[in-house]
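Engineer: 3D model of this:
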Amino acid sequence: MEMESQRRTELSKEDLIGERNQGLGFCGWVIFILSAVFAFLTFFISIFLSVKIVKEYERAVIFRLGRITSRKAKGPGIFLVLPCTDTFIKVDLRTVSFDIPPQEILTKDSVTVCVDGVVYFRVSDPILSVANVTNADYSTRLLAQTTLRNMLGTKNLSEVLSDREGISHGMQMSLDEATDSWGIKVERVEIKDVKLPMQLQRAMAAEAEAAREARAKVIAAEGEMNASRALKEASLVIAESPSALQLRYLQTLNTIAAEKNSTIIFPLPMDVMSHFMNKK
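Structural biologist: Residues are numbered from 1 along each chain as shown. Coordinates of the predicted model:
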């Protein structure tokens, strides 16, 4: 894909300056020669107008009589221009970041969300960024907003909330392909925030709460079932030895008495009472 992008870039640059080999024309050469003679005659004055400097992160695209002079932008450092015939435009090559304004988007499942993001891009080809688009920075910002709306319009709400990385990567590839002919390289796209309507937030919170309550009831039921099984096994063990029940009864009384209660009410088994009645 990168090779194809480079090939398209080279073809675009050839189309832009393909007529340069045909020459400036008769009038163009006359004006160029007159400008050069004038610059030579007024060398000590024109030298201050001819010498230009661009910084390390800048490049200069030079136009001579309205034509781009070379396939490569000038800079960084010092370069010369001819007065009257040459003009130049400085292009900043540093990475630029901007926020995508919050966009009201209707998702695929008909839910309205408000989404914003951030885009990082830089100028990869100064000549294309000057010759192919009026304002590369502003055009990239508008395209990012449109791409965000189009991309999220094909996603469900669950995908928007859970697959931000995939959406960002898809937007980055789409923007990079669209801005390639402008000499712009989109380096990174990130989704910052997804804002849901208040009613939808309440509905989702109620749904989550209901799901948690359902899981809690299931867990409580499983605990009751396990406890009943343990009690059943304990009853079987106690049934094998009648004295075990009496010992368990006394242990329960001892536990209640340890709490220092002033009054203790406890049931008295009928089999104990019958034992004393038989003695009488």
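Engineer: In contact with Arg122, which residues?
Structural biologist: With contacts defined as Cβ atoms under 8 Å, 6 or more residues apart in numbering, Arg122 is in contact with Leu93, Arg94, Thr95, Val96, Ile184, Lys185, Glu187. (C-beta placed from N, C-alpha, C; glycine too.)
Engineer: actually Val91, sorry about that
Structural biologist: Glu58, Arg59, Ala60, Val61, Ala73, Val123, Pro126, Ser129, Val130.
Engineer: my guess is Cys114 contacts Pro101, does it?
Structural biologist: No - judged on Cβ atoms under 8 Å, Cys114 makes no contact with Pro101 at a distance of 10.1 Å.
Engineer: got a list of what Leu82 touches?
Structural biologist: Residues near Leu82 by Cβ under 8 Å, 6+ apart: Phe32, Ser35, Ala36, Ala39, Ser50, Arg64.
Engineer: Spell out, range by range, the strands that occur in the stretch 151-280 of the chain.
Structural biologist: For the stretch 151-280 of the chain, the strands defined by DSSP state E, counting those that start in this stretch occupy 184-195.
Engineer: picking that back up, select, from the contacts of Leu82, the two members most distant in space.
Structural biologist: Phe32 and Ser50 (14.0 Å; Cβ to Cβ).
Engineer: Off-centre distance for stretch 38-45?
Structural biologist: Using Cα atoms, centre = their mean, to the nearest Å, the distance from the centre of stretch 38-45 to the centre of the chain it belongs to is 56 Å.
Engineer: and it, which residues are buried?
Structural biologist: Of the residues in stretch 38-45, those scored as buried under the neighbour-count criterion (16 or more other Cβ atoms under 10 Å) are Ala39.
Engineer: start to end distance for that stretch?
Structural biologist: The first and last residues of stretch 38-45 sit 10 Å apart, counting by Cα to Cα, to the nearest Å.
Engineer: May I have the phi/psi pair for Asp116?
Structural biologist: Dihedral angles of Asp116 (phi, psi; degrees, to the nearest 10) stand at phi -130, psi 170.
Engineer: What residue, apart from its backbone neighbours, is nearest it spatially?
Structural biologist: Among residues not flanking Asp116 along the chain, Pro102 sits closest, at 4.4 Å (Cβ to Cβ, 6 or more residues apart in numbering).
Engineer: Contacts only, for that neighbour.
Structural biologist: Contact criterion Cβ under 8 Å, 6+ apart gives Cys114, Val115, Asp116, Lys195 as the residues in contact with Pro102.
Engineer: between those, which is closest to Arg149?
Structural biologist: Compare each of the contacts of Pro102 with Arg149 using Cβ to Cβ and the shortest gap goes to Val115, at 8.7 Å.
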